[in-house]
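Q: what's the 3D shape of this:
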Amino acid sequence: MKLDRMNSLKRTHYCGVLRDGDIGKTVTVCGWVQRQRDLGALIFIDLRDRTGIVQLAFDDTTEKEIFDKAFAVRSEYVVMASGLVRARSSVNNDIPTGHIEIEVTDLRVLGQSETPPFEILSETDVKEDLRLKYRYLDLRRAPLQKNIMMRHKITKVTRDYFDENGFIEIETPTLIKSTPEGARDYLVPSRIHKGSFFALPQSPQLYKQLLMLSGFDRYMQLARCYRDEDLRADRQPEFTQIDLEMSFVEMEDVLSIGEGFVKRLFKEVLDVDITTPLPRLTYTEAMENYGSDKPDTRFDMNITDVSDIVENCGFGVFADTVKNGGTVRAITAKNAADVYTRKEIDKLTEEAKGIGAKGLAFIRWVEDVPTCSFSKFMTEDEMAAIIEKTGAEKGDVVLFCADRKKTVLSVLGALRLTVAKRLDIIPDTFNFLWITEFPFFEYNEETGNWDAMHHPFTSPLDECVQYLESAPEKVFAKAYDLVLNGIELSSGSIRITDPELQKQMFTALGLSDEEAHQKFGFLTDAFRFGAPPHGGMGIGLDRLVMLMCGADNLRDVIAFPKVSNSSELMSGAPGNVDEVQLTDLSIAITKNEE
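A: Below is the predicted model of the structure:
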């Protein structure tokens, strides 16, 4: 088939916007053929663009040349059609344009298509690897187009909000010096500086602080960030961060800006009212109650400490754990006894062991007297006290873990989510909260050192400075995370601007003056020339869009995502390069011998 030219014909409407009010209008639409239905003397074409589908109609009044073209087109052909909008004789209430159709008077085939490797449908069971290989086809599907367009709207509202609040959008470099930030850097070799490397930024952290020293007191950027780390459903090697920094502020000012942003964003994009101020938990409260520093607070099932009840009981597993400095804690799953049979509890036990637990103890209350895996070692008073403290009732299941505190909280925090999903008790709502007062240091058991939980420029709480050298575990930070439905959306802090305190912090982290200057000298040198108090945060745009779209995976809200091994199936990246390029960079590829 010979392709047509557009010539002077121009699109007047998108396919999905036509309604009853357009009846009688002459319109021109463009798009892809969803399907063609040949009924002999009558042909229908469902034409699709990013706004939806409209039906094109061809009948015995249609010019023969136009009718023949309609007969010849196939799925995914690109066509342009002009005609009169009229009422449909057979209404389709499943689509917004289902009350009208276009009586076509001019049809132009602008592009032909081979049979695609899969049908372009809103709902599909085609394997994701195939869809990602042909991502440009996958992106024609309505759900993905809806997500990408919502992402556009989110970024527009973002820029509008921060602009209206006095923020200046400034781009920071993509090729930077490698600095330790927690994850592996992606390195870029320099052709000019042989043997030297740029790094792709894990975040614009140092540069946005330098912008504060430069007098731009409110900065924001939709910043591309890169981290060479193992992937999950909510993680990609390259991602976008709504990055912001503010001068002459304290923590409350930053949190207030963040709350105003999510309130504005959810109202404009989803018409959802977010109540502010948002609730807050300290890191310690979150861990003690939920076993996570990013808890999902849409449901209860808080962790209960029963160590005081069992420290002298006859059950050696419990008593010995407490005597050796450990803890015994529990979660109570309400109305779970019918779902969690003994066999199902055994599955939970295996999951707990995979996380680090030695096992699980349980109470399963089906009959008048509860079944308990350890009751024969307990007195009646001890059992009554456990029942009362855990709030257990007939129909409930209580799960117990005994171990080091860190292990117990981690295990019960994970099981809490597993059980809630299994019981289907998580409501479809948006629960924001701030997590504050993070520990500044976390102990690295492999190296025996204390590492910075956030980054070394985070300011400690004023009352904790005295413990920097003597008791690192007592140092808490002016750091805060924004959590939504159990997913960390944002991380931020108030920064250190006192050169002496910064030097003290580097010492506590085991960095010599020489090492600190080598890694961060360009920032610490700047602090000598008048640094305003400042703080900020970075909000994960991809995760935010994923949650607002109701998607299960970041790949559903990114146009061209990577898969779990950090490759892109469509283009084949990463790929090999030729020897000339390697020679220019003074790089040789070596193979490890087996």
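
Q: Can you tell me which helices and strands the strand or helix carrying residue 548 packs against?
A: Assigned by DSSP states H and E, residue 548 falls within helix 541-549. Helices and strands touching helix 541-549, by 3 or more C-beta pairs under 8 Å, 6 or more residues apart in numbering; DSSP states H and E, are helix 142-164, strand 238-247, helix 251-270, strand 487-494. C-beta: built from backbone N, CA, C; applies to glycine.

Q: Could you pull out the buried residues of that helix?
A: Within helix 541-549, the residues that count as buried by 16 or more other C-beta atoms under 10 Å are 541-549.

Q: any idea which helix or strand comes after it?
A: Per DSSP H and E, the first helix or strand lying C-terminal to helix 541-549 is helix 579-584.

Q: Residues touching that following helix, excluding its own?
A: 191, 588-589 (C-beta atoms under 8 Å, 6 or more residues apart in numbering).

Q: partners of the helix or strand bottoming out on mean pLDDT in the chain in the sheet?
A: Scoring the helices and strands of the chain by mean pLDDT, DSSP states H and E places strand 449-452 at the bottom, with a mean of 77. Note on strand 449-452: by DSSP bridges, its sheet partners are strand 441-444 (antiparallel).

Q: in the stretch 301-450 of the chain, which spans are strands?
A: 304-305, 327-333, 361-364, 371-372, 397-403, 432-436, 441-444, 449-452 (DSSP state E, counting those that start in this stretch).

Q: Format those strands as TSV; extra columns: distance to residue 568 and mean neighbour count.
A: Output for the strands of the stretch 301-450 of the chain, formatted as TSV (distance: least, C-beta to C-beta, whole Å; neighbours: other C-beta atoms under 10 Å):
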stretch	distance to residue 568	mean neighbour count
strand 304-305	46	16
strand 327-333	41	23
strand 361-364	46	22
strand 371-372	52	17
strand 397-403	41	26
strand 432-436	33	21
strand 441-444	33	15
strand 449-452	32	17
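
Q: and residue 43, which of those strands is closest to it?
A: With C-beta to C-beta, the closest approach to residue 43 among those belongs to strand 432-436: 52.1 Å.

Q: Quick check: of the buried residues of helix 541-549, which lies closest to residue 38?
A: For those, the nearest to residue 38 is residue 549 (36.9 Å; C-beta to C-beta).

Q: And the residue nearest to the closest one when sequence neighbours are not counted, how far from residue 153?
A: Ranked by C-beta to C-beta, 6 or more residues apart in numbering and with sequence neighbours excluded, the top spatial neighbour of residue 549 is residue 147, at 4.7 Å. The spacing between residue 147 and residue 153, counted by C-beta to C-beta, to the nearest Å, is 11 Å.

Q: again with residue 434
A: On the measure of C-beta to C-beta, residue 434 and residue 153 end up 25 Å apart.

Q: Determine the number of other residues adjacent to residue 198.
A: Around residue 198 there are 18 other residues, counting by other C-beta atoms under 10 Å.

Q: per-residue confidence for the closest residue to residue 23 other than its chain neighbours?
A: Excluding its sequence neighbours, the residue lying closest to residue 23 (C-beta to C-beta, 6+ apart) is residue 85, at 5.3 Å. Model confidence at residue 85, expressed as pLDDT, equals 98.

Q: With residue 566 instead?
A: Residue 566 is assigned 90 on the pLDDT scale.
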